[in-house]
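Engineer: fold the following and give me the result.
(one chain, ligands or ions: 1)
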Amino acid sequence: MAGEARAAAKAVETAEAYYDSHDADSFYAIIWGGEDIHVGLYEHPDEPIATASRRTVAHMASRLSGLTPGARVLDLGAGYGGAARYLAREHGAQVTCLNLSEVENARNRTLTREQGLEDRITVDHGAFEDLAYPDASFDIVWSQDAFLHSADRKRVLAGAARVVRPGGELIFTDPMQADTVADPAALKPVYERIHLSSLGSFAFYRAQLQALGLEDAGSQDMTGQLRNHYARVRAELLDRRDALKGEVSDAYVARMLEGLAHWVNAADQGLLAWGVIHYRKTR
Ligand SMILES: C[S@@+](CC[C@H](N)C(=O)[O-])C[C@H]1O[C@@H](n2cnc3c(N)ncnc32)[C@H](O)[C@@H]1O
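Structural biologist: Model prediction:
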């Protein structure tokens, strides 16, 4: 296996083991609310994480012109499927969730069934580096805060561009590094927490998507929300440490607190970026 393919396979293995772990599953269910695991849009810094996270989904949905009833949506790295249920319930979309963690997929299937949406949502196990769907089989490809885990983002974007139909849309968010980062070594503490040696950036995604023949449909830099969010999660974790006793190991909590502090510090130094990347396939 070539070096790049080996790194990509290793990153997939690491992400799968992490999201399948009891510690991570309990942490995301208890502290983040069990529906959404992504940066929230905060109207004020003390808002509940779940409220702000749901606002991100609604905001992204509002940017799409092709989100009509029956629209075929592929959610890459769908987690617990909170966005899929929102898109199916509020917009009548037909959503395919692709996700690596079978622990999350099981929760996704249960919540989807409980909410009566199983005729509109399919949950597939797999890696977004290897999309098995036919060309042009989706109207919208969607992803939230998942591509950071990949060691081969070029391949992920090429796959996403292949499976979206001409005229269709690709919309995603991702915690990224700022375009101005000259020395990625400054981000080492952040990379280490996600076990990777790079993050995407607005410039990287723009260059790749343009090369794939997609055009910008209204991307938005919302970097300030990343700092809000990680600081909010850290505060909530400190406040509710007791609720995690017996569910999440002390070692995991200690590592998470340290990791979140690195994200907040890096954001304060202007090293990070986050926002909505929205492109349309022209041909
Ligand atoms: C931060 S969570 C976001 C989950 C979901 N998008 C949300 O916003 O609630 C990142 C997700 O990416 C998934 N993931 C990471 N690497 C992946 C890969 N190579 N292929 C598919 N899913 C992946 C993980 O299983 C996890 O659910």
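
Engineer: for Met60, see how far away the one residue in the chain that gets nearest to the ligand is.
Structural biologist: Across the chain, the shortest distance to the ligand (Cβ to the nearest ligand atom) belongs to Gly79, at 2.6 Å. (C-beta placed from N, C-alpha, C; glycine too.) From Gly79 across to Met60, the span is 14 Å (Cβ to Cβ, to the nearest Å).

Engineer: and what of Arg193?
Structural biologist: Arg193 is 25 Å from Met60, by Cβ to Cβ.

Engineer: between the two, which one's more packed in?
Structural biologist: Comparing Arg193 with Met60 by other Cβ atoms under 10 Å, the one with more neighbours is Met60, at 24 against 14.

Engineer: surely the more buried one is in contact with Thr173?
Structural biologist: Yes - with contact defined as Cβ atoms under 8 Å, Met60 reaches Thr173; the gap is 7.2 Å.

Engineer: shared neighbours of the two, anything?
Structural biologist: Taking Cβ atoms under 8 Å, 6 or more residues apart in numbering as the contact rule, Met60 and Thr173 both touch Gln144, Val276.

Engineer: Leu187 is in contact with Gln269, correct?
Structural biologist: No - with contact defined as Cβ under 8 Å, Gln269 does not count as touching Leu187 (9.5 Å).

Engineer: hang on, the earlier thing: and the residue of the chain closest to the ligand, how many residues sit next to it?
Structural biologist: Neighbour tally, Gly79, other Cβ under 10 Å: 27.

Engineer: same check on Glu35?
Structural biologist: Burial of Glu35 is recorded as 21 neighbouring residues (other Cβ under 10 Å).

Engineer: look at it and tell me its secondary structure.
Structural biologist: State at Glu35, reduced to three classes by DSSP: H, G, I helix; E, B strand; the rest coil: coil.

Engineer: repeat that for Tyr279.
Structural biologist: Under three-state DSSP, the three-state class of Tyr279 is strand.

Engineer: skipping adjacent residues, who's closest to it in space?
Structural biologist: Distances taken as Cβ to Cβ, 6 or more residues apart in numbering put Leu214 closest to Tyr279, at 4.0 Å, once the chain neighbours are dropped.

Engineer: circling back to that earlier point, more crowded one of Gln269 and Leu187?
Structural biologist: Between Gln269 and Leu187, Leu187 has the larger neighbour count (other Cβ under 10 Å), namely 21 against 12.

Engineer: tell me the pLDDT at that one?
Structural biologist: At Leu187, the pLDDT value in this model is 92.

Engineer: please renumber so the chain begins at 475
Structural biologist: Yep, numbering from 475; the last one is Leu661 now.

Engineer: ok, now which ones touch it?
Structural biologist: Per Cβ under 8 Å, 6+ apart, neighbours of Leu661: Gln651, Val655, Leu673, Ala740, Leu745.

Engineer: so the second one makes contact with Gln743?
Structural biologist: No - counting by Cβ under 8 Å, no contact exists between Val655 and Gln743, whose distance comes to 9.6 Å.

Engineer: out of the contacts of Leu661, which are inside strands?
Structural biologist: Mapping the contacts of Leu661 onto strands (DSSP state E) picks out Gln651.

Engineer: distance to Leu731 and pLDDT added to the contacts of Leu661, as JSON lines?
Structural biologist: Below are the contacts of Leu661 laid out as JSON lines (distance: Cβ to Cβ, whole Å; pLDDT from 0 to 100):
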{"residue": "Gln651", "distance to Leu731": "22", "pLDDT": "96"}
{"residue": "Val655", "distance to Leu731": "24", "pLDDT": "92"}
{"residue": "Leu673", "distance to Leu731": "21", "pLDDT": "94"}
{"residue": "Ala740", "distance to Leu731": "15", "pLDDT": "95"}
{"residue": "Leu745", "distance to Leu731": "20", "pLDDT": "96"}
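
Engineer: that concludes my questions; thank you for your assistance.
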